[in-house]
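Q: got a predicted structure plus its sequence, pasted below:
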Amino acid sequence: MNSPTATDSRPTVLAPRTLTRLTPADCTATQWDSSTQKANAANGLLSFIESGLHPEQFTQQLYRTCSQHLFGHIAHFDRHGFADTWFATTDSKAAFIEHALNAGSYGDPTHTWSDVEQHIQTALEAHPHLLNPATWPGVEHPHPCPSCSCTP
């Protein structure tokens, strides 16, 4: 029997597979990426969001997907800089969700990942509580003010 680890008790934002997944049929291949690659990368990001956007779970593949293809993100020097910017606090995680929801998805999906961006935005729009970290399960606040912006 495996004993629980610290990662087992971390709060999640949504139950697994709550956000609608993409299939290759939902994506348009580009010259550089197949529809399967686009779907797999998007589904990895959706899983990462559901699991709580924990920086230690932000893989090199997720970093590459975000910094090269999605929502106008930039590299932030490297994966750790990106994670420090977007996933270090509950508020920065909510800012990542807000950025994804508000970013434009430009271009033809035969040349960009605009199809993936639109799908992710649609999936996130179905869960508006993601913009309010106070509603996330397991998030503890230092004091009980209802409009607390001092989340850990």
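A: Perfect, thanks for sending it. Numbering: from 1, shown residues only.
Q: per-residue pLDDT, the residue most central in space within the chain?
A: For the chain, the residue nearest the mean C-alpha position is residue 49 (4.0 Å; CA atoms, centre = their mean). pLDDT for residue 49: 95.
Q: and it, what element?
A: For residue 49, the element it lies in under DSSP states H and E is helix 35-50.
Q: buried ones in the next helix or strand after that helix?
A: Following helix 35-50 in sequence order, the next helix or strand is helix 60-69 (DSSP H and E). Along helix 60-69, these residues count as buried under the neighbour rule (16 or more other CB atoms under 10 Å): 62-63, 65-67, 69. (C-beta placed from N, C-alpha, C; glycine too.)
Q: now do helix 60-69: distance to the chain's middle.
A: In terms of CA atoms, centre = their mean, to the nearest Å, the centre of helix 60-69 is found 11 Å from the chain centre.
Q: then stretch 105-125?
A: Put simply, stretch 105-125 sits 14 Å off its chain's centre (CA atoms, centre = their mean).
Q: please apply the same query to stretch 104-122.
A: Distance, centroid of stretch 104-122 to centroid of chain: 15 Å (CA atoms, centre = their mean).
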